[in-house]
Structure formats: structure tokens, C-alpha cells
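Peer 1: requesting a structural model of the entry that follows:
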Amino acid sequence: MKQFIFIVLASIIALAGCQPSTQIIAEDDDGSGYATSYGRKVKYEKVNGVTKYEHWEIPEYVNPSPNKQTLRHYLKKYLQASAQSEKYTVSGSSNPKKLNYDLRKSSFLEEQMNTTSLLSYIFYEDGKVLHSQHTPMERFGDIFTPKTVYHSNSMGKSMVSYVLGHAICEGYIDSIDSDISDWSLMKDTLYSEQKLIDLLNMSAQDRHVVSDVTGVKPSGRWYNSHSLASFANNELKGTKPNRNKGYHYNGLVTNVLMNYTIYKSRSNYQRLLNKVFREKAGVSQAVYFRKNRTGKSYDGSAWYMFNATPTDYLRIGIAIMKDWQNDTCVGKYLKQVNDRRIRKNLSEYSPKLRFQASRSYGGQFHLNYRGMSDRDILGLDGYGNQALMIDASNSRIIVANTIHTDYDWNTLVYYALRDGKLPD
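Peer 2: Below is the predicted model:
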């Protein structure tokens with residue numbers, strides 16, 4: 001016998017401009033069934049109250065939201081994967097950047113912390129933390145503490161860009177108009193003679209070889225699970241850029257940028273990371289980028305997944321903001337990629353689809369936010385509604401770490417950044 005439940009979905013088509021649709025999905029008596037995410041059916045099974053999806057992560061925009069047992073299961077899974085990974089690690093500073101607090105109360109934020117998958121939320125403005133909330137002990141606080149180092153998902157793409165900006169300022173790379181033809185690893189692939197700015201802007205003319213949903217075509221291998229050398233010698237070998245130079249978001253191109261920075265800085269890459277995160281940002285605990293397990297340091301095994309504590313994400317956000325405001329060499333790099341951003345060509349904004357809040361993309365940052373186009377805003381966004389939003393015009397930063405997309409991103413991130421306040 002089948003039971004029928006309604007699932008609300010946001011698909012890849014929705015991200016391109018269509019609204020979410022509703023479908024009836026069948027569930028068997030044993031608890032197995034199908035959810036829908038990104039326009040594709042996702043099989044799941046329920047075991048002891050936990051919904052286990054066929055894919056590694058909780059699919060985005062599954063509705064109704066996963067229950068508490070499911071969220072706890074995946075949180076433990078995410079933390080275990082991070083702990084077991086190979087890493088490029090930066091130790092915490094002996095003199096971490098001091099954070100000043102002038103805490104305000106928001107009943108809305110407290111309600112969100114008690115009912116959603118939010119793990120941590122920080123609102124910072126004019127040199128002070130005005131809101132700082134952590135998941136309650138009875139929800140996820142026994143697993144996730146204020147000192148837990150948590151994954152960034154695609155916020156790490158912007159971290160890769162920030163490090164690349166330092167590599168340019170240190171003289172390892174000439175400019176954002178340099179190409180990567182001097183890197184033998186990617187020779188005879190579509191990326192080898194393209195300018196860095198096109199890679200930074202996700203306009204690498206690679207729509208025919210990679211998808212951010214299914215991985216590298218036609219094999220379907222996931223781009224974060226294998227070395228670049230493996231792809232260059234197989235799926236990418238002999239490929240050429242296609243004619244479409246428009247925005248095409250994917251993580252493979254970010255891994256190319258990251259590993260090219262490692263190649264150009266060579267033995268100084270660790271020193272570069274230390275300078276960015278320990279000396280400049282003043283992180284309090286170890287932060288790290290991850291490596292996949294299939295490769296070595298010389299064959300492009302690094303990938304953009306970054307890990308830090310919530311307060312260290314804030315410290316990094318402050319460093320980025322100060323670079324912009326003080327017009328440092330790296331600040332000039334950030335302004336340059338902002339000036340050369342490209343349109344995403346998405347339709348009108350829907351509060352349910354955070355990707356549409358930003359009209360443009362440049363330098364691995366989401367830019368030109370609706371209703372705030374007259375302000376200097378750098379958006380770092382990650383799967384599951386991970387957020388690090390930097391408003392350099394108003395010295396305002398928001399950091400949100402979460403397990404899933406079920407919290408009110410529109411109120412806690414978008415409107416909070418725009419209006420400079422939270423609901424009471």
C-alpha cells in the first residue's frame with residue numbers, strides 16, 4: 001500500500017528563474033520512497049526515525065524539513081568526514097583577533113535556533129557583535145559547540161579567491177588577466193589558455209564538460225573526489241572551450257584556481273595560508289582546506305572545502321572587509337573582480353531561492369544584491385544556506401552555519417543585511 005505526501009521542491013530550473021513546484025511523491029509502508037530536489041527524484045529510506053537519502057548530503061529544499069533525528073545523523077556525518085580528511089591546515093594565532101560584544105535580544109532568532117537546523121548565527125556591525133546565538137544543548141549543542149570547526153561548502157570558493165588575491169599581491173601570479181598555459185598539469189584541456197578572470201567569474205566555457213549537479217561529463221565522476229590530473233588525463237583531455245562564455249557555476253573551475261595557486265606559490269603555499277588566516281585574520285583555532293584522497297599535492301588534489309569555527313568565519317569576514325575599506329593590495333584585487341563581474345541572468349527574486357538575491361558573480365563572490373546595488377557587498381554562500389555576508393559600505397557582517405536550508409534565510413540574512421536589524 002502506498003501513502004502519499006506532498007513535497008515542495010526547488011530545482012535547477014527554479015534556480016534559473018522558475019518557481020518551485022509541488023508534486024505528490026509515493027512512500028512505501030516500509031518507509032522508503034522518493035523525495036525531489038533540483039528537479040530530480042531522490043530515493044530515501046527511513047531507519048529508526050532517520051531519513052537516509054541516496055546522496056551523501058541532505059538534498060536542498062526538501063519539504064517537509066528533515067526531522068531532528070535526521071539532522072543529528074547528518075551533522076555527525078559531516079563532522080566525521082571533515083575530521084578524517086587530508087588537509088592544508090593553518091594553526092590558530094597565539095594572539096587571535098579580539099571580538100567586541102554588545103549583545104541584543106531577538107526572540108525571532110531564538111525561535112529559529114530552537115526549531116530549525118541553525119547551528120550558529122552572528123550579526124556584526126561597526127566593530128561589535130550585536131547578535132550571537134548558538135544551537136541549544138538539547139537540540140545540537142551536545143554535538144556542535146562554539147569551538148567546533150565546521151565546513152563551509154561553497155563559501156570555500158570565495159576563500160580560494162581571497163588566497164589567490166594574496167598570491168597576486170605577493171608576486172606569485174602576475175594578474176587576473178594571466179592565463180594558466182604555463183601549468184603542464186592542465187595542458188590540452190579547455191582551461192589551459194583561459195584567463196584567470198574568466199575562471200574566477202565562472203565563465204570558463206565549460207558547460208559541455210561539467211555540471212554542478214551531476215559532476216564531470218560524461219563519466220559523472222564528482223569533481224571534488226578525484227585529482228585534477230585524473231580528469232585532465234581522461235574526461236578533459238583534448239577538450240576545447242565552447243562558444244558560451246556566460247555564467248556557468250560549478251566547483252571544478254574553483255579547484256583549478258586553487259591548485260594553480262598552489263603550483264605558482266610552490267613551497268610557499270603554506271606560508272601564504274599562514275599570512276592570510278593566522279597573521280591577517282587572526283583566527284583563534286586551526287582552519288583548513290581539504291584534499292581529496294585520490295591524489296598527491298602535485299597532481300591537483302586540493303579542493304575548496306574550507307573549515308573554521310563560527311567566530312573565525314567572522315574574523316575572516318572582518319579581514320576581507322578591512323582589505324576592501326583600506327584599499328590594500330588585496331582590497332584592490334577584490335574591487336577589480338567586482339568591477340569585472342558578470343550577470344547571472346536570473347529572473348526576478350523569490351525569497352525561497354537565495355541564489356536569485358544576487359544578480360551578478362565575480363571573483364568567486366556573489367555580487368550586486370537586489371535592493372542593495374548601491375552598496376559594496378560580497379556574498380559567500382554555501383550548500384545548506386551556509387552564509388558569510390559582508391557589507392563593506394556599512395561595516396556589517398552576517399555569519400550563519402547550519403545543517404540544512406530550513407531556517408528563514410530571507411529574514412536572518414537578506415533582510416538583516418539590508419536593514420541592519422533583526423526582528424524583536
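Peer 1: please enumerate the strands of the stretch 1-150 of the chain.
Peer 2: For the stretch 1-150 of the chain, applying DSSP state E, counting those that start in this stretch gives strands covering 2-9, 21-28, 33-37, 40-47, 50-53, 86-90, 100-101, 118-125, 128-134, 150-151.
Peer 1: following the last one, which helix or strand shows up next?
Peer 2: The C-terminal neighbour of strand 150-151 among helices and strands, as given by DSSP states H and E, is helix 155-169.
Peer 1: just how off-centre is that following helix within its chain?
Peer 2: What separates the centre of helix 155-169 from the centre of its chain is 13 Å, taken as CA atoms, centre = their mean, to the nearest Å.
Peer 1: quick check: angle from it to strand 86-90?
Peer 2: Here the directions of helix 155-169 and strand 86-90 differ by 60 degrees (axes from the mean of the first three to the mean of the last three CA atoms, to 10 degrees).
Peer 1: count the residues that sit near the spatially closest residue to residue 358 that is not a sequence neighbour.
Peer 2: Once flanking residues are discounted, residue 358 sits nearest to residue 366: 3.8 Å by CB to CB, 6 or more residues apart in numbering. Backbone N, C-alpha and C define where each C-beta goes, glycine included. The number of residues packed near residue 366 is 25, by other CB atoms under 10 Å.
Peer 1: now residue 134
Peer 2: Number of residues near residue 134 (other CB under 10 Å) recorded here: 20.
Peer 1: hang on, it packs against residue 141?
Peer 2: Yes: counting by CB atoms under 8 Å, residue 134 touches residue 141, with 6.6 Å between them.
Peer 1: kindly confirm my reading that residue 256 is in a helix.
Peer 2: Yes: note on residue 256: a helix contains this position according to DSSP: H, G, I helix; E, B strand; the rest coil.
Peer 1: picking that back up, for the residue nearest to residue 358, name its beta-bridge partners.
Peer 2: When bridges are assigned using DSSP bridges, the partners listed for residue 366 are residue 361, residue 379.
Peer 1: how close does it get to residue 377?
Peer 2: Using CB to CB, to the nearest Å, we find residue 366 at a distance of 9 Å from residue 377.
Peer 1: residue 90 is in contact with residue 274, correct?
Peer 2: Yes: under the criterion of CB under 8 Å, residue 274 makes contact with residue 90 at 5.7 Å.
Peer 1: for those two, indicate the residue with more neighbours.
Peer 2: A side-by-side neighbour count of residue 274 and residue 90, using other CB under 10 Å, places residue 90 first with 23 against 15.
Peer 1: what's opposite that one in the beta bridge?
Peer 2: Using DSSP bridges, the beta-bridge partners of residue 90 come out as residue 287.
Peer 1: ok, residues contacting stretch 211-219?
Peer 2: With CB atoms under 8 Å, 6 or more residues apart in numbering as the contact definition, stretch 211-219 has outside contacts at 12, 38, 40, 208-210, 220-223, 231, 234-236, 249-252.
Peer 1: are any of the residues you listed buried, and if so which?
Peer 2: Buried members of the contacts of stretch 211-219, counted by 16 or more other CB atoms under 10 Å: 38, 209, 210, 221, 223, 231, 235, 236, 249, 250, 251, 252.
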